[in-house]
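Visitor: Sequence first, predicted model second:
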Amino acid sequence: MPLVRIDIVEGRPRESIAELHRRVALLVAEVLDSPLDRVRTYITEIPASHWGIGGTSADIARADEIEARRAAAGRPDVTGS
């Protein structure tokens with residue numbers, strides 16, 4: 001049973017995460033010649049403040065990108081910034 005773990009910064013729309021599950025599972029099933037119903041995907045959304053980029057947390061290093069993603073997903077800014 002293949003298991004694929006993916007870590008991403010939180011804030012993407014639910015539809016995008018569902019699509020990621022679907023497409024990764026299809027690819028793994030094809031490449032490994034495994035039945036699709038045996039493929040597992042596990043996506044962890046990590047708060048931007050817990051994700052480091054070059055020694056700086058992502059909530060600071062990529063603030064504009066994170067806010068744009070949050071706005072596109074229709075979520076309010078919960079950081080207070």
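Guide: Received it, and whenever you're ready, just let me know what you need.
Visitor: Output the contacting helices and strands for the longest helix belonging to the chain.
Guide: Longest helix in the chain by number of residues (criterion: DSSP state H): helix 14-32. Under the contact definition 3 or more C-beta pairs under 8 Å, 6 or more residues apart in numbering; DSSP states H and E, helix 14-32 sits against strand 3-9, strand 40-46. Every residue, glycine included, has its C-beta placed from N, CA and C.
Visitor: Rebuild the ones you listed as CSV, extending it with mean neighbour count.
Guide: Below are the helices and strands packed on helix 14-32 laid out as CSV (neighbours: other C-beta atoms under 10 Å):
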stretch, mean neighbour count
strand 3-9, 13
strand 40-46, 13
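Visitor: returning to what we had before: CA atoms only: put the longest helix of the chain into CSV for me.
Guide: This file holds the C-alpha atoms of helix 14-32, laid out as CSV (Å, rounded to 0.1, in the frame of the first residue of the first chain):
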residue,chain,number,x,y,z
ARG,A,14,-10.1,22.9,0.0
GLU,A,15,-10.8,22.3,-3.7
SER,A,16,-7.0,22.5,-4.4
ILE,A,17,-6.2,20.1,-1.7
ALA,A,18,-8.8,17.6,-2.9
GLU,A,19,-7.4,17.9,-6.4
LEU,A,20,-3.9,17.3,-5.0
HIS,A,21,-5.1,14.1,-3.3
ARG,A,22,-6.8,12.9,-6.5
ARG,A,23,-3.9,13.7,-8.9
VAL,A,24,-1.1,12.4,-6.7
ALA,A,25,-3.1,9.1,-6.1
LEU,A,26,-3.6,8.7,-9.8
LEU,A,27,0.0,9.3,-10.6
VAL,A,28,1.3,6.9,-7.9
ALA,A,29,-1.1,4.2,-9.0
GLU,A,30,0.1,4.5,-12.6
VAL,A,31,3.8,4.6,-11.8
LEU,A,32,3.8,1.8,-9.3
